[in-house]
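**Q** Take a look and give me a structure for this.
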Amino acid sequence: MRIIRRLKTILPAVALAVAGTASGQSVFPEQQAVIQKNNLNLKAQGAECAVTHADNMTGLNLADPEVAVSYMFGQPSDVPNKTNISVTQSFDFATLSGAKRRVAEADNALSSAQLEVERQSFALLVENALINYVYQVRLCAELENQLAVLRKLHDYADKGLAKGTITQLDYNKIELSMLKMENDLAEARQEAGAQRLELYALNGGEPFALPETWPAAGLPASFDDWLKQTERSNASLKLLQTGIVRSAREVELRKKQGLPEFSVGYTNELIKNSNYHGVAIGFSLPLWSNAGRVKSARSAETAARLRAESMTEEYGSRKRSEYERARMLGETSRRYAAFSQRIDRQNYAYLKKAYDAGTITVFEYIQEQESFFEHAVSSLTAERDYQLARAALYAPTF
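**A** Presented below is the predicted three-dimensional model:
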């Protein structure tokens, strides 16, 4: 019952912590918040964390009082029988000083930090799934536009075949191009549907509003300043820092466990026509049971500090590499987009004019158009790659 009562107190706080950190630098903050609220796995992890919190906070009180009653028969028969009654309460400095409680609180902080690591990892998975879904939606739209253009050109090919200005071989190639485009579009639609269902599954099986494009998203103006901020928000680094605190609390606890334990109580000895009673005081000296435990705890604390320093250095190097990659892909995406916009305005009019003037055949017209189609898809792919690289960079702030 005690754990259940604590769960009622802890679970809302865990849920609030998860929901409160859902958006960060995500380009899909609304969808991130919805999925993280409804995801069944995150809910289960939050409940498990709450159970761990409740368990950690048990067993922190003093040992239960001890009551002993003994009845002894006198031998020989003229010796009176005797009854002994004692009530004792033991005390230890680890409990009285709060050292045990502070270790339990540090364990709870570790559990919460681990939950945040899992949540941040899940947030990146969701971000990537949303980016890939938008890519498929936009790819479908692009292929639909391309297929519409290709069908119009196919009409020209029909007329050219009838007039004898195009060979049957070239006409067959045009039909094959249309067939390939139709198959590509069908596959893109199927993949978009599969990714939609995957996102619904991440949302606890419930449909929700999905994005159809990527909002404008840039990179940090100053990488060094941004890195300092993210080091404070990165869940994995927070977990290491929390581990250092936990190790320090363990050192404190083991020092307290090396102090004597004592007990205070009342004892009463009842003999016929006699009554002895008074105070009982006892000590327990941990001469051997705690040997080496403080040294071991200090070594663990040193190891935790060194591990945190090493991971912080590795984190900075990894983020700089991710930043440079995202910056490069962003530049590639912008160049592709600028080129695509330019040729979208010019290519159709130019090719139509050349075809009408008879300087190119309809087959040549389609070949040139397919080259522009490839550039359009490459531009879309470059933008997706940039969004994925940016998501990897910003993942610690989701």
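
**Q** Find the nearest non-adjacent residue to I360, please.
**A** In space, and not counting its chain neighbours, I360 is closest to A354: 4.8 Å by CB to CB, 6 or more residues apart in numbering. Every residue, glycine included, has its C-beta placed from N, CA and C.

**Q** how many neighbours does that neighbour have?
**A** Number of residues near A354 (other CB atoms under 10 Å) recorded here: 15.

**Q** before we move on, which element is it in?
**A** If you go by DSSP states H and E, A354 is part of helix 293-356.

**Q** And V264, by the same measure?
**A** According to DSSP H and E, V264 maps onto strand 261-271.

**Q** Please identify the pairing partners of the helix or strand that that strand is followed by and their relative orientation?
**A** Sequence-wise, the next helix or strand downstream of strand 261-271 (DSSP H and E) is strand 274-284. Strand 274-284 pairs in its sheet with strand 261-271 (antiparallel), by DSSP bridges.

**Q** Give me the distance between the partner strand and the centre of its chain.
**A** Here strand 261-271 is found 56 Å from its chain centre; the criterion is CA atoms, centre = their mean, to the nearest Å.

**Q** Contacts made by it with the rest, please.
**A** Strand 261-271 is contacted from outside by 66, 80-93, 275-284, 286, using CB atoms under 8 Å, 6 or more residues apart in numbering.

**Q** Using neighbour counts, trim these to the buried set.
**A** For the contacts of strand 261-271, a neighbour count by 16 or more other CB atoms under 10 Å gives the buried set as K82, S86, T88, S90, D92, F93.

**Q** any idea how far the first one lies from H154?
**A** By that I understand K82. According to CB to CB, to the nearest Å, K82 and H154 sit 114 Å apart.

**Q** try K37
**A** From K37 to H154 the distance is 49 Å (CB to CB).

**Q** Just the residues contacting the helix or strand harbouring L253, thanks.
**A** Per DSSP H and E: L253 is located in helix 235-257. Helix 235-257 has contacts (CB under 8 Å, 6+ apart) with 92-94, 97, 99-100, 102-103, 105-107, 109-110, 113-114, 116-117, 119-120, 231-232, 286, 290, 293-294, 296-298, 300-301, 304-305, 307-308, 311-312, 315, 396.

**Q** if we go to 7 Å?
**A** Contact with helix 235-257 is made by 93-94, 97, 99-100, 102-103, 106-107, 109-110, 113-114, 116-117, 120, 231, 286, 290, 293-294, 297-298, 300-301, 304-305, 307-308, 311-312, 315, 396, as judged by CB atoms under 7 Å, 6 or more residues apart in numbering.

**Q** related to what we said a few turns ago, pipe the buried ones among the contacts of strand 261-271 into JSON lines and attach distance to S247 per row.
**A** Below are the buried ones among the contacts of strand 261-271 laid out as JSON lines (distance: CB to CB, whole Å):
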{"residue": "K82", "distance to S247": "52"}
{"residue": "S86", "distance to S247": "40"}
{"residue": "T88", "distance to S247": "35"}
{"residue": "S90", "distance to S247": "28"}
{"residue": "D92", "distance to S247": "21"}
{"residue": "F93", "distance to S247": "20"}
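
**Q** Out of these, name the ones that lie in strands.
**A** Residues of the buried ones among the contacts of strand 261-271 located in strands (DSSP state E): K82, S86, T88, S90.

**Q** doesn't S70 make contact with the first one?
**A** In other words, K82. No: with contact defined as CB atoms under 7 Å, K82 and S70 do not form a contacting pair (8.3 Å).

**Q** Need the residues touching each of these two.
**A** Common neighbours of K82 and S70 (CB under 7 Å, 6+ apart) do not exist.

**Q** Please report how far S86 lies from Y315.
**A** Distance, S86 to Y315, using CB to CB: 59 Å.

**Q** oh sorry, the question was meant for G193
**A** Distance from G193 to Y315, counting by CB to CB: 38 Å.

**Q** out of those two, which sits in the busier spot?
**A** For G193 versus Y315, the count of surrounding residues by other CB under 10 Å is larger for Y315: 18 against 12.

**Q** contacting residues around that one?
**A** Counting by CB under 7 Å, 6+ apart, Y315 touches E231, N234, L237.

**Q** Could you list the low-confidence segments of this protein?
**A** For the chain, the stretches flagged by pLDDT under 70 are 1-24, 344-349, 351-352, 355-359.

**Q** repeat that with 50
**A** The model of the chain has pLDDT under 50 over residues 1-23.

**Q** and T52, what does it touch?
**A** So T52 contacts S111 (CB under 7 Å, 6+ apart).

**Q** Pop out the phi and psi values for it.
**A** In terms of degrees, to the nearest 10, the main-chain angles of T52 are phi -60, psi -40.

**Q** Quick check: L185 touching E142?
**A** No: using CB under 7 Å, L185 is not in contact with E142; the gap is 9.4 Å.

**Q** Need the overlap of contacts for the two.
**A** Common neighbours of L185 and E142 (criterion: CB under 7 Å, 6+ apart): none identified.

**Q** which residues are in contact with stretch 368-388?
**A** Stretch 368-388 has contacts (CB under 7 Å, 6+ apart) with 128, 131, 135, 138-139, 142, 146, 149, 153, 177, 214, 326, 329-330, 332-333, 336-337, 339-340, 343, 347, 351.

**Q** What residues of it count as buried?
**A** Using 16+ other CB under 10 Å as the test for burial, stretch 368-388 gives 368-370, 372-373, 375-377, 379-380, 382-388.

**Q** Of the residues you listed, which belong to helices?
**A** Of the buried residues of stretch 368-388, the ones assigned to helices by DSSP state H are 368-370, 372-373, 375-377, 379-380, 382-388.

**Q** on that earlier part again, in PDB, list the C-alpha atoms belonging to the strand holding V264.
**A** C-alpha atoms of strand 261-271 as PDB (Å, rounded to 0.1, in the frame of the first residue of the first chain):
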ATOM      1  CA  GLU A 261      25.900   1.000  16.300                       C
ATOM      2  CA  PHE A 262      24.200   1.100  19.700                       C
ATOM      3  CA  SER A 263      21.000   0.000  21.300                       C
ATOM      4  CA  VAL A 264      19.000   1.300  24.200                       C
ATOM      5  CA  GLY A 265      16.300  -0.600  26.000                       C
ATOM      6  CA  TYR A 266      14.600  -1.700  29.200                       C
ATOM      7  CA  THR A 267      15.100  -5.000  30.900                       C
ATOM      8  CA  ASN A 268      13.200  -6.600  33.700                       C
ATOM      9  CA  GLU A 269      14.000  -9.800  35.600                       C
ATOM     10  CA  LEU A 270      11.200 -11.300  37.700                       C
ATOM     11  CA  ILE A 271      12.000 -13.800  40.400                       C
END
